[in-house]
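Participant: Sharing a sequence plus its predicted fold:
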Amino acid sequence: MKKTLIILITAATLFGCYAGPQGELVGVYPRENWIQVNPYGMNYIHLGSYTMGPSDQDVPFALNTRSKTVSIPAFYMDVHEISNNEYRQFTSWVKDSLFRNTLAEDDNEDFFFAEDALGRELDRFIDKGYILNWETEINWEDEDIFDLLYDEYFLQGSDQFYNEASYDTRKLNYRYWWMNYQAAAGKGGLDEEYGEVNSLNQLHSIRGHSDRSQFVVEETINIYPDTLVWVRDYTYSYAEDMMHYFYHPAYDNYPVVGVTWSQAKAFNAWRTQLMNNYRASTGQSDVQRFRLPTEAEWEYAARGGLQLSPFPWGGPYMRNAQGCPLANFKPMRGDYVEDGAIRTVSTDSYSPNDYGLFNMAGNVAEWTSTAFDETVYDFSHDLSPEYSYQASVDDPPALHRKVIRGGSWKDIGYYCQTGTRSFEYRDTSKAYIGFRSAMTYMGRGKSGSPEDWN
C-alpha cells in the first residue's frame, strides 16, 4: 500500500509539473495508465506455441486434421461454459430494452433522453434521435403502460396456455452491428478522392472508401434458445421433462444449450456492449470485444500447457487410477450414468485443467468462430490461425459449417480429445452444444509469476 501511494504521488507530481513537449518528441500526455484486469469469470492464457492436431490415432479415419505447430497470442477464456443463468441475463436485457424502446416511441418521456449531458439534440449524432433511460422502473400498475406492452409482447387469445400471461419469445429479437474488417481490408484500387498530388505529380492516396457503411453489417436475430432441442434431437426417447431446462432455477448453473452459432455471436456482441458501456460511463478505455474462441485458441486452452496430451487432464486415459471417469461423456454402450451424470451437469463439475478451465472435455461440445473445412490445416497460417467465411443463404450447406470442439455428454471418449474436431451448421441448435467466450489480451502478455495471473 505504501509503495502504491508513493507511485501515485510521483505520477501526480510529474503530470502536475508537465510543461509541454518543449520541442522534444515525447508523445501525447496525459494518457491513462493502462492495467488490464481479468474480466469476471475469465482466466488469462499466456502466449505460446504448441503442436495443433491429433495426439492419438485417427479412430474414424476422418482425415480432417494433421499435426501443425502454431503460435497463439495471449488471450482470456471463460473458466466455465456459459450457463443458463448467464444467458438469461442477455435475454432479460433484450426484453427490457424492447419494453423501453416501445415506451419511448410512444413518447413516454420517462424512458428516453432526447439531449445529451451538454444539451445537444441527439438526432445530430444517432439515427433514432434519443437514447433509452435505464434508470426509470417500468410501472406495471400503470394501466396505459400495461396495455401497451401486453398487447405488443405477450401471447394473446388461443396462443395462451391455461390463460397464463406468458411473454412471446418470438418477439425477442436483438439488433446489433459489426464491422466486416475482412471486406474493408480487401486489396483494391486507391481512392484518388482521398489523395493529394504534390508538385512532382505524385499521388499520395489511401485505400479509402466514400461509403464506409458497406462494411457495417446490421443483424437482427431472435436470441431465445430452442427449448425443444431435447425432444427434437432424440426420437423414441422421453425428454419432455427437460422442457424446463433453460428457465428453471434448478438448472441455473448448467450450460446453456439450444443456441445456434449466430446466437452465440450475438451474445458476445451484447456482452462487449455491456462491458464497454460501463467502462465509458466511468471514464475508462474500452477493451477488446468478447467473441467465440478460434479453433486454435480453444485447443491451446484445452491442453492446459500440456503438449501432445490427448486429454485436458494430461493422461492418455479417460479414467483415473480408481477407474472413475474424469469427464461427462458416454463411457459405455447404453450406459450414460457411470460418470455420475445422465445428461449435462453443472459448469463447475469435475476438475479443471492446468489453466483453471472446467469441462474442456465432455459436458457440452462448444462452438468456435472457425469455419469448418477438412483441409484448413494445410492452408491456414501458423500465427494465430483462423479461417472464417460469411456464408449467405445462397451458399451450399457445406459453407455454413462451423467447428465444434470438446465432445459432449452423449459422445464417446474420442470426441472429447483435445485434437478432435467436428462441425455443426451455424443455424442449427442442439441439446449437446454450448459455448464459452474469449477475449484477446491487449499487449504482449502478462509478466511476473504465472501463479499471479489468475
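Facilitator: Happy to help now that I have it.

Participant: Kindly state the pLDDT recorded for residue 207?
Facilitator: We note a pLDDT of 62 for residue 207 in this prediction.

Participant: Residue 143 now?
Facilitator: 92.

Participant: ditto for residue 213
Facilitator: pLDDT, residue 213: 81.

Participant: same deal with residue 296?
Facilitator: pLDDT recorded at residue 296 is 97.

Participant: got the end-to-end distance for stretch 403-416?
Facilitator: For stretch 403-416, the first-to-last residue distance is 14 Å (Cα to Cα, to the nearest Å).

Participant: ugh, wrong one, I meant stretch 444-454
Facilitator: End-to-end distance of stretch 444-454 (Cα to Cα): 17 Å.

Participant: average pLDDT across it?
Facilitator: The average pLDDT for stretch 444-454 rounds to 90.

Participant: Mind listing what's buried along it?
Facilitator: 446, 453 (16 or more other Cβ atoms under 10 Å). For the C-beta atoms, the positions are set from N, CA and C on the backbone; glycine is no exception.

Participant: contact partners of it?
Facilitator: With Cβ atoms under 8 Å, 6 or more residues apart in numbering as the test, stretch 444-454 has contacts from 38, 43, 44, 46, 47, 73, 74, 356.

Participant: Could you check how many residues crowd around the nearest residue in space to residue 405 that is not next to it in sequence?
Facilitator: Once flanking residues are discounted, residue 405 sits nearest to residue 298: 5.0 Å by Cβ to Cβ, 6 or more residues apart in numbering. The tally of other residues near residue 298 (other Cβ atoms under 10 Å) stands at 26.

Participant: Over to residue 204?
Facilitator: 10.

Participant: Check residue 166 too.
Facilitator: So residue 166, with other Cβ under 10 Å, has 12 neighbours.

Participant: how about it, what does it touch?
Facilitator: With Cβ under 8 Å, 6+ apart, residue 166 has these contacts: 154, 155, 160.

Participant: got it, and residue 241?
Facilitator: Per Cβ under 8 Å, 6+ apart, neighbours of residue 241: none.

Participant: pLDDT averaged over stretch 351-365 - what is it?
Facilitator: 97.

Participant: Restrict that stretch to CA atoms and write it as CSV.
Facilitator: Only the C-alpha atoms of stretch 351-365 are listed here, as CSV (Å, rounded to 0.1, in the frame of the first residue of the first chain):
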residue,chain,number,x,y,z
SER,A,351,-11.6,-30.9,-12.0
PRO,A,352,-10.3,-28.0,-14.1
ASN,A,353,-7.2,-28.3,-16.4
ASP,A,354,-3.9,-26.6,-15.6
TYR,A,355,-5.3,-23.3,-17.0
GLY,A,356,-8.1,-23.5,-14.5
LEU,A,357,-10.8,-24.2,-17.2
PHE,A,358,-13.6,-26.6,-16.4
ASN,A,359,-15.2,-29.1,-18.8
MET,A,360,-12.9,-28.6,-21.7
ALA,A,361,-13.7,-32.3,-22.4
GLY,A,362,-17.3,-33.5,-22.3
ASN,A,363,-20.5,-32.0,-20.8
VAL,A,364,-21.3,-29.9,-23.9
ALA,A,365,-19.4,-29.5,-27.2
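
Participant: which of the contacts of residue 166 count as buried?
Facilitator: Buried among the contacts of residue 166 (16+ other Cβ under 10 Å): 154, 155.

Participant: Adding secondary structure, write the contacts of residue 166 out as TSV.
Facilitator: Output for the contacts of residue 166, formatted as TSV (DSSP: H, G, I helix; E, B strand; the rest coil):
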residue	secondary structure
154	strand
155	coil
160	coil
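
Participant: From residue 132, how far off is residue 96?
Facilitator: To residue 132, residue 96 is 9 Å away according to Cβ to Cβ, to the nearest Å.

Participant: how about low-confidence regions in the stretch 51-200 of the chain?
Facilitator: For the stretch 51-200 of the chain, applying pLDDT under 70 flags the ranges 58-65, 116-118, 122-129, 187-195.
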